[in-house]
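>>> Fold the following, please.
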Amino acid sequence: MTDHELPGADALLPGLDPFTVEVDGATVRGRSSHMTPGTRGVVLLLHGYPQTGAMWHHVAPALVADGFTVVAPDLRGYGASACHDGDMTFRAMAGDQPRVLEALGLDPAGVHVVGHDRGARTAHRLLLDHPGLARSVALLDILPTLDVWEQMDAWLARRYFHWTFLIQGGGLPERLIDADPQAWLDHALGALGGTDGMTPAALAEYAAAARVPSVVHAWCEDYRAGARADLEHDRADRGRTVDLPALVLWGDKGVVGARADPVEVWRSWFPAAVGHGVPSGHFLAEQRPEDVLAALRTHLDAAG
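Okay, the predicted model is just below:
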């Protein structure tokens, strides 16, 4: 990862090939099946923290087999990608995606966007900033960023302590994480739901990324933006809605659905939202891939 490579690409995500795309302010690397395009449309898979596009190792090959063209980038600054301009807002991450698709020879219009965690927040911003781009959206295990910060209390802070830790300035979180990145990664994955379902190759990729100081810095800058600029962007768009098929999934054993109905919350942005919980922690695409795939297939079929 120190050379910004994608370790074990072929074995981890069969049917997808590595790509590198230069965009404004970033280098985006990932995996895609665009060389053998499917006939059912393009599915853009956006990962979360503290992971990479490898988190889709159960989902992506199945969607390729279903006839979709699948693109699974590492978000700017994460994994094998790099952020050059310091902009780790969801607006910047979202703006990278149409450029990536175009560079791969794919039409960004009509893409199905599927995001987990920070990737789902990127998907939310993508649909707001690029109206008419997507055909459908699926949001895995998050509530809107505004809602999370507005509901932040002692109960939530204990469970999402990384939200307040990673935003601290002066490079303190970076120095502490860089001192023992494996310990931090193990704690982060464990606190958010454990590693059941994660393959050794995927865990190795997450660990390799965590050992890169620029990746750790990007994590922190992502969360710092989430507490500042991203909130400003979302407040400016409060009240806007996007009318397209929207699937909301969450882990029943996690935080997202513990105090609110995620579908009802998301209907304030996506009125057509439907969804349900699955018997999982936070990392449902790896812990319960059969449930996630079943829901995604129904969603994608309905979206056309």
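
>>> buried set for stretch 263-283?
Neighbour-count burial for stretch 263-283, with 16 or more other Cβ atoms under 10 Å as criterion, is recorded at 263, 265-267, 269-270, 273-275, 277-278, 280-283. The way it works is simple: take the backbone N, C-alpha and C, and place the C-beta from them, glycine included.

>>> Kindly provide the whole-number mean pLDDT of that stretch.
Mean pLDDT, stretch 263-283: 98.

>>> tell me which element the residue of the chain positioned farthest from its centre is part of?
Using Cα atoms, centre = their mean, the residue of the chain lying farthest from its centre is residue 170. It sits 26.4 Å away. Per DSSP states H and E, residue 170 falls between elements, in no helix or strand.

>>> same thing with residue 233?
In this assignment (DSSP H and E), residue 233 forms part of helix 229-237.

>>> Residue 205 should be in a helix, yeah?
Yes. Under DSSP: H, G, I helix; E, B strand; the rest coil, residue 205 falls within a helix.

>>> Tell me where this protein has strands.
For the chain, strands defined by DSSP state E occupy the ranges 17-23, 26-32, 42-46, 69-73, 82-83, 111-116, 134-140, 246-251, 273-278.

>>> Sketch out the low-pLDDT regions of the chain for me.
For the chain, the stretches flagged by pLDDT under 70 are 1-10.

>>> please redo it, this time with the cut-off set to 90
1-12, 36-38, 196-197, 304 (pLDDT under 90).

>>> mind listing what residue 217 touches?
Residue 217 makes contact with 77, 174 under the criterion Cβ atoms under 8 Å, 6 or more residues apart in numbering.

>>> Quick check: residue 241 vs residue 124, distance?
When distance is defined by Cβ to Cβ, to the nearest Å, residue 241 is 12 Å away from residue 124.

>>> Residues that sit against both of the two, list them.
Counting by Cβ under 8 Å, 6+ apart, the residues touching both residue 241 and residue 124 are residue 269.

>>> Neighbour count for those two, which is higher?
The residue with more neighbours, out of residue 241 and residue 124, is residue 124; 27 against 13, by other Cβ atoms under 10 Å.

>>> and residue 36, what is it in contact with?
Residue 36 touches residue 15, counting by Cβ under 8 Å, 6+ apart.

>>> and if you look at residue 145?
Residue 145 neighbours (Cβ under 8 Å, 6+ apart): 90, 121, 124, 226, 230, 231, 234.

>>> One more pass at 7 Å, please.
Residue 145 is in contact with 121, 226, 230, 231, 234, counting by Cβ atoms under 7 Å, 6 or more residues apart in numbering.

>>> which stretches of the stretch 151-300 of the chain form helices?
154-159, 161-165, 172-179, 181-192, 200-210, 213-226, 229-237, 262-266, 284-287, 289-303 (DSSP state H, counting those that start in this stretch).

>>> pull the CA atoms of the fourth one into CSV?
Listed in CSV are the C-alpha atoms of helix 181-192, where the atom choice follows Å, rounded to 0.1, in the frame of the first residue of the first chain:
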residue,chain,number,x,y,z
PRO,A,181,-2.1,1.4,13.4
GLN,A,182,-3.0,-2.3,13.8
ALA,A,183,-4.3,-1.8,17.3
TRP,A,184,-6.4,1.1,16.1
LEU,A,185,-7.8,-0.8,13.2
ASP,A,186,-8.6,-3.8,15.4
HIS,A,187,-10.4,-1.6,17.8
ALA,A,188,-12.2,0.3,15.1
LEU,A,189,-13.5,-2.8,13.4
GLY,A,190,-14.3,-4.5,16.7
ALA,A,191,-16.2,-1.5,18.1
LEU,A,192,-18.3,-1.1,14.9
